[in-house]
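# Quick one, fold the following:
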Amino acid sequence: MKANLITREGYEALQHELEHLWKEKRPDVTQKVAWAASLGDRSENADYHYNKKLLREIDRRVRYLSKRLEELRIVDYSPQQAGKVFFGAWVEVENDDGDIKQFRIAGPDEIYSRKDYISIDSPMARALLGKTVDDEANVTTPVGTVVWCINSINYSN
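The predicted structure follows:
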């Protein structure tokens, strides 16, 4: 089960998406469906079928976002978090091979459009939680355990 945590920025982005879908995209597509339907025979009307399918996808996403936004809990930065890895932290880690990764630990709803975010539910995030700079985290992966050293922790963008 995925966590119900989200950063304030992530929550606002989902709200914006919902508002855009409901107030702009859906009315536009509804108008196209009505126009295509007015042309008569719908059986071979590609515009009608495409836009009806698009309308169903928009409605499905609107239902999901409406329900999900009610379940989410916004987590804001607290000064007590300073120096340790918690939800919302930007973390830079390095392994023994010298590979360096930098990412933000965020909610599962906000990682899909961002390459630099990882889910709080991921093995990497779980291994890093509560650690400080220079601590090592053992991350279990499908190919074995990888040790990552924390280079930096930051809570500002």
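
# Quickly list the domain ranges of this protein.
Following automatic domain parsing, the chain resolves into domains at 5-74, 79-154.

# Can you say which of the ones you listed is packed in most?
Neighbour counts (mean count of other C-beta atoms under 10 Å) averaged over each of the domains of the chain peak at domain 79-154, with a mean of 16. Every residue, glycine included, has its C-beta placed from N, CA and C.

# mean confidence for that one?
Across domain 79-154, the average pLDDT comes to 91.

# gap between the two ends of that domain?
End-to-end distance of domain 79-154 (C-alpha to C-alpha, to the nearest Å): 12 Å.

# Equivalent analysis for stretch 102-121, please.
End to end - C-alpha to C-alpha - stretch 102-121 spans 17 Å.

# and E136, what does it touch?
147-150 (C-beta atoms under 8 Å, 6 or more residues apart in numbering).

# can you do 6 Å?
Contacts for E136 (C-beta atoms under 6 Å, 6 or more residues apart in numbering) come out as 147, 149.

# Bridged to it, which residues?
Here E136 sits in beta bridges with C149, going by DSSP bridges.

# where do the strands sit along the protein?
Counting by DSSP state E, the chain has strands at residues 5-6, 73-74, 90-95, 100-106, 117-119, 136-141, 144-154.

# Can you report the mean pLDDT over the residues of the first one?
When pLDDT is averaged over strand 5-6, the result is 92.

# so how far is that strand off the chain centroid?
Relative to the centre of its chain, strand 5-6 is centred 9 Å away, using C-alpha atoms, centre = their mean, to the nearest Å.

# just the third one next, same as before
Relative to the mean C-alpha coordinate of its chain, strand 90-95 is positioned 20 Å out (C-alpha atoms, centre = their mean).

# Run through who's touching it.
Against strand 90-95 from outside (C-beta under 6 Å, 6+ apart): 85, 100-102, 104, 146, 148-154.

# Could you list the paired strands of that strand along with their orientation?
For strand 90-95, pairing defined by DSSP bridges yields strand 100-106 (antiparallel), strand 144-154 (antiparallel).

# which one of the ones you listed lies closest to G40?
strand 100-106 (49.3 Å; C-beta to C-beta).

# ok, of the contacts of strand 90-95, which one's closest to L14?
Nearest to L14 among these, with distances taken as C-beta to C-beta, is R104, at 16.1 Å.
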